[in-house]
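K.L.:
next come a sequence and a model predicted from it.
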Amino acid sequence: MSGDDLKKRAAEAALEYVADNTVLGVGTGSTVNHFIAALARIKHRLDGVVSSSEATTQRLKAAGIPLVDFNSAGPLPLYVDGADEANRRLQLIKGGGGALTREKIVAAASEQFVCIADQSKLVEVLGAFPLPVEVIPMARSHVGRELLTRGGQPVLRENFVTDNGNLILDVYNLRILEPAALESELTNIAGVVTVGLFARRAADVLLLGTEGGVRKLLPDSAPSK
């Protein structure tokens, strides 16, 4: 079974969390694209969807799924999104697609965050996947120097601008033992818009597509090792 098939399994399983006559948030990425395709089958049951990116907005429109402006939606009962890495506390690295800031905003406004991914995304320690950091363009060099002092190796994502008009630094060589603390520390660097650590607001449920079916994980209360 291909990795894409495993993503589709996880995406399909997330439908059971979608209640009738509600507005939900939808993230961005290859696994979420499968979820949007599944969501199109039940669009008549939805009041609408809040999108986390321009790419997702276009897919939702193409599927005929009604869109709702985030500022008029109020608190959301559900947010469904993927991840580039997840640990057993359901703390995540996200932003491989560059939509981390809007994803983080929608996640923060949601009562339940269901993360969908294939089995390869579950790791013991976050950081093998380079950590995306969205930065104001004028602060790129300053933020890069600050990241170097913290042991990371920042690399500018070439030929890429976020939906917010900013740049992405992908930070390599991190072994993130305290994700929530690092999220707070890096977010406080002047010029950083946000970082791709979803630790202070982690996922509530992780649905992993595996060869044997969909595995449902809840946050492990034990510290990550």
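P.N.:
Noted; the coordinates are in hand.

K.L.:
residue ranges with poor pLDDT in the chain?
P.N.:
Low-confidence segments of the chain, defined by pLDDT under 70: 221-225.

K.L.:
residues contacting the most centrally placed residue in the chain?
P.N.:
For the chain, the residue nearest the mean C-alpha position is Lys94 (4.4 Å; CA atoms, centre = their mean). Neighbouring residues of Lys94 by CB atoms under 8 Å, 6 or more residues apart in numbering: 27, 81-84, 100, 103-104, 132, 196, 198. Where you see a C-beta, it was placed from the backbone N, CA and C, and this is true even at glycine.

K.L.:
what's the closest non-adjacent residue to it?
P.N.:
Gly196 (4.9 Å; CB to CB, 6 or more residues apart in numbering).

K.L.:
what's around that neighbour, how many residues?
P.N.:
Look at Gly196: counted by other CB atoms under 10 Å, it has 30 neighbours.

K.L.:
from Asn21, how far out is the residue nearest to the centre of the chain?
P.N.:
29 Å (CB to CB, to the nearest Å).

K.L.:
check Asn173 too.
P.N.:
Asn173 is 47 Å from Asn21, by CB to CB.

K.L.:
what's the answer for Arg41, then?
P.N.:
From Arg41 to Asn21 the distance is 16 Å (CB to CB).

K.L.:
who's more crowded, the two?
P.N.:
Arg41 (11 against 7).

K.L.:
for the more buried one, phi and psi?
P.N.:
Here is the backbone geometry of Arg41 (degrees, to the nearest 10): phi -70, psi -20.

K.L.:
one more: Glu54?
P.N.:
Main-chain torsions, Glu54, degrees, to the nearest 10: phi -70, psi -40.

K.L.:
give me the nearest residue to it, chain neighbours excluded.
P.N.:
Asp163 (5.1 Å).

K.L.:
count the neighbours of that neighbour for me.
P.N.:
15.

K.L.:
ok so it is a strand residue?
P.N.:
No - assessed with DSSP: H, G, I helix; E, B strand; the rest coil, Asp163 is coil; it does not lie in a strand.
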